[in-house]
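Colleague: please find the sequence and the predicted model below.
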Amino acid sequence: YFMQPLEAALEGLKDPSAAVRFQAILSTGSRLENWKVKAFLEAMHENVTDPIMRQALLTAIPEYLRPMLNHVISCSRCKQTGLLEPLIKSGLLKHPDWVALKLDQNIQSNVDVAFWNSEISSLDWEDKMPSELAKNLNHLPWTNLALGEHMDALSIAFHYLKYGGALKLNTQISIALRRFATSVLLGVRNFNSSERFIAFQYVWTSRSITHWTPWLEYLFSAKSELSQKIREEMWKVIIADIEPLGAVTSWHGSIWTRSSLGERRLILALLLKKPEWSQKFLQTLKTGLFQESQQVFDDTSLTQEMELSLRRLNDPALRSLAIQALDKRRERLGWSNKKSNSIKDRFNAIAQLVRNPSNGQQIFQQNCGLCHRFQGAGVQVGPDLDALKDRSGLSLLTAILNPNETIEQAYYAYELILKDESEQWVLIQNETSKDLTITTTTGEPHTYSKDQIESFNVTTRSLMPEGWGEAMRDQDLADLIGYLQSSAD
């Protein structure tokens, strides 16, 4: 009765392509359903890392959700390929009760409640500072714990919460999972960056921490040993869901001061989400001091792109305060006194110093490399510094202290305003009758349809921040110039 379609399927199973063999399995009739599901899961397991096969698996989710989810949540290999998230997302839409039961059972079977109750019940989780808690946690007998199973449970719980699932775990399991997530987030037992990011997302989404100020100050410090990339991803999570943050208190001062440019962009985007947060930041900018910590605000930490976003605030009162604050910043930087003769005077002082190119390289990597390439390192937004023709000390110092004095037309900054009212400073790479291709200040290319654009206007200014070099020590400027002249040697 069904031999003819089966023969066609068997021919397909001989094909060297995993995707073709997979489609042959799916083409068999319902009379072979038991064999079909078994063969389907075997093909999935063996070829799950193949990108073409993964795409085929994603299209099969609606029909084979239950066997796929049953397999993936119990298979560490398949779980690591990113299939878990679309399975949970689809499952909550199609079979929410079954998915809830299945995931709750999996989490409860993988979490060792006895360990978390007996070993660390004496720790005061709520009141201890993160650094002190991390130190205490490192002394626990972690070899007694099945870390892989706990990490699987945490990943499942996070993805479940992310797509609107309501965990129905008993109190002891919830506490144990929260304590494990906190331990991973703090970096005990050398959990990798991806695992720590999953832990952060779970703790943030599940509202596991009440007072975030000490945690943010710890996580965004050198003590946490989190990479810049992960820290930026964490800020994106916070921006998308600001509820757990509560009030902006002292954390934004200490974190802003030690953050990279990419992180500061995200922190500013966060602070502009609420009027009271915006006002607090603008008062800091106006006075030059973070009120709670009395730390001095680094006036060079604000880029022209950030300045533009402040000058374009929708609220009239905040926009007026922003203009006042930015004017005060310009006064502190002494931009009104920036003249060619003052640059020459400063160069004469710098020329007397012994240069340390090694220190200059570090300064370049931490600052200039965000927008320039030199000796194969950095991001190419502005000119490639390997191609510089004039490497004289005075020419380099002028470019650093007064970036708007000489600009090649290709590097004119454009003010781009989209119809969704977002604004940014960009470089124009290509324009057609329908599209505009730009480079952002982070070096990322992007193409916009002209239908998305409200306006784009040339500014005859550089994207390079004004005043950045004004606040540098003469020795650091000398070292940076020495490094930029090293290729000529």
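Modeller: Received, thanks. Numbering: from 1, shown residues only.

Colleague: tell me how far A100 lies from P51.
Modeller: In this structure, A100 and P51 are 31 Å apart, going by Cβ to Cβ, to the nearest Å. Quick note: C-beta positions are derived from backbone N, CA and C, even for glycine.

Colleague: which residues of the stretch 51-200 of the chain fall in helices?
Modeller: Taking DSSP state H, counting those that start in this stretch, the helices of the stretch 51-200 of the chain run over residues 51-72, 76-79, 84-94, 96-110, 113-118, 130-137, 147-162, 171-186, 193-205.

Colleague: where are the low-confidence patches of this protein?
Modeller: Applying pLDDT under 70 to the chain flags residues 1-16, 18-33, 35-36, 119-127, 248-250, 304, 334-341, 465-468, 470-471, 487-489.

Colleague: ok, the spatially most central residue of the chain - contacts?
Modeller: For the chain, the residue nearest the mean C-alpha position is E233 (2.4 Å; Cα atoms, centre = their mean). By Cβ atoms under 8 Å, 6 or more residues apart in numbering, the contact list for E233 reads F197.

Colleague: can you tell me the helix or strand for it?
Modeller: helix 228-240 (DSSP states H and E).

Colleague: so D241 is in contact with Q201, correct?
Modeller: No - at 9.7 Å, D241 and Q201 do not qualify as touching, with contact defined as Cβ atoms under 8 Å.

Colleague: who's more crowded, these two?
Modeller: More crowded of D241 and Q201, by other Cβ atoms under 10 Å: Q201, with 22 against 11.

Colleague: wait, that one sits on H159?
Modeller: No - with contact defined as Cβ under 8 Å, Q201 does not reach H159; the gap is 9.2 Å.

Colleague: which SS class is E454?
Modeller: At E454, secondary structure determined by DSSP: H, G, I helix; E, B strand; the rest coil is strand.

Colleague: helix, strand or coil: sort out the nearest residue to it once chain neighbours are set aside for me.
Modeller: What sits nearest to E454 in space, not counting adjacent residues and going by Cβ to Cβ, 6 or more residues apart in numbering, is I417, at 4.5 Å. Put simply, I417 is strand when judged by three-state DSSP.

Colleague: now swap in the one 10 residues further on and tell me
Modeller: Per three-state DSSP, the local secondary structure of L427 is strand.

Colleague: contacting residues around it?
Modeller: So L427 contacts V381, A410, Y411, Y412, A413, Y414, I438, T439, L463 (Cβ under 8 Å, 6+ apart).

Colleague: redo these as a markdown table? Include neighbour count.
Modeller: Shown next, in a markdown table, are those (neighbours: other Cβ atoms under 10 Å):
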| residue | neighbour count |
| --- | --- |
| V381 | 20 |
| A410 | 10 |
| Y411 | 15 |
| Y412 | 15 |
| A413 | 23 |
| Y414 | 18 |
| I438 | 21 |
| T439 | 18 |
| L463 | 23 |
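
Colleague: from the residues you listed, pick the one nearest S422.
Modeller: I438 (12.8 Å; Cβ to Cβ).

Colleague: thought the closest one was touching Q429?
Modeller: Yes - taking contacts as Cβ under 8 Å, I438 lies within contact range of Q429: 6.2 Å.

Colleague: which neighbours do these two have in common?
Modeller: Common neighbours of I438 and Q429 (Cβ under 8 Å, 6+ apart) are P445.

Colleague: can you pull out the strands in the stretch 301-450 of the chain?
Modeller: In the stretch 301-450 of the chain, the strands defined using DSSP state E, counting those that start in this stretch lie at 373-374, 377-378, 414-418, 423-431, 435-439, 445-449.

Colleague: buried deepest among those strands, which one?
Modeller: Highest mean neighbour count among these (mean count of other Cβ atoms under 10 Å): strand 373-374, with a mean of 20.

Colleague: what strands line up against it, and which way round?
Modeller: Strand 373-374 has the following strand partners under DSSP bridges: strand 377-378 (antiparallel).

Colleague: contacts for the partner strand?
Modeller: F364, Q365, C368, G369, L370, C371, H372.

Colleague: can you select the buried ones from those residues in PyMOL?
Modeller: Those of the contacts of strand 377-378 that count as buried under 16 or more other Cβ atoms under 10 Å are selected in PyMOL with:
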select buried, resi 364+368+369+370+371+372
